[in-house]
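Trainee: Turn this into a model:
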Amino acid sequence: VFFKESRLGLIKKHEQQGDETVDFLSMSKTIASQWKTLPEEKKLPYQKIATEDLARYEADVRAYEKKKAAEQDRIAGELDDQTRRRKQEAPEEKEIRRNKQAEE
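Mentor: Numbering: from 1, shown residues only. Model (predicted):
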């Protein structure tokens, strides 16, 4: 968040000075230097936001992984059902299904 805010400020400053482009490497170094010299009490709001963002991200990842696992379980169950049904088919039904698939 600090980087984003500082970056926007540097870009505006360069635009006001007539610079069309901003070198990312020098901009990163400038922002890193600003962060290092920033007093701890001014860093706290940014650190709090970062902690909250990290917690939200981790919760989103857990939810995604849970949803993905459930979807994989559902697909595996469907495949198991299909396999089970095919094993239970009468030989004539298997032949009909094979002929139908060959025609397609």
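Trainee: Please, where are all the helices along this structure?
Mentor: 2-16, 24-37, 40-88, 91-103 (DSSP state H).
Trainee: can you redo the ones you listed as CSV with mean pLDDT and mean neighbour count?
Mentor: Every residue, glycine included, has its C-beta placed from N, CA and C. Listed next are these as CSV, based on pLDDT from 0 to 100; neighbours: other CB atoms under 10 Å:
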stretch, mean pLDDT, mean neighbour count
helix 2-16, 87, 13
helix 24-37, 92, 12
helix 40-88, 89, 10
helix 91-103, 78, 9
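Trainee: ok, the residue of the chain positioned farthest from its centre to residue 102 distance?
Mentor: Relative to the centre of the chain, the most outlying C-alpha is that of residue 92, 49.1 Å out, by CA atoms, centre = their mean. To residue 102, residue 92 is 16 Å away according to CB to CB, to the nearest Å.
Trainee: what does residue 18 give?
Mentor: 73 Å.
Trainee: do the same with residue 63
Mentor: For residue 63 relative to residue 102 (CB to CB), the value is 44 Å.
Trainee: And residue 3, by the same measure?
Mentor: Taken as CB to CB, the span from residue 3 to residue 102 is 61 Å.
Trainee: repeat for residue 94
Mentor: 13 Å.
Trainee: List the contacts of residue 21.
Mentor: Counting by CB atoms under 8 Å, 6 or more residues apart in numbering, residue 21 touches residue 14.
Trainee: same deal with the one 10 residues further on?
Mentor: Contacts were defined as CB under 8 Å, 6+ apart; by that measure residue 31 touches 2, 3, 6, 7, 10.
Trainee: how does it look with 10 Å?
Mentor: Contacts for residue 31 (CB atoms under 10 Å, 6 or more residues apart in numbering) come out as 2, 3, 4, 5, 6, 7, 9, 10.
Trainee: go on, residue 5?
Mentor: When the contact criterion is CB under 10 Å, 6+ apart, the partners of residue 5 are 31, 46.
Trainee: most centrally placed residue in this structure?
Mentor: Closest to where the C-alpha atoms of the chain average out (CA atoms, centre = their mean) is residue 61, at 7.8 Å.
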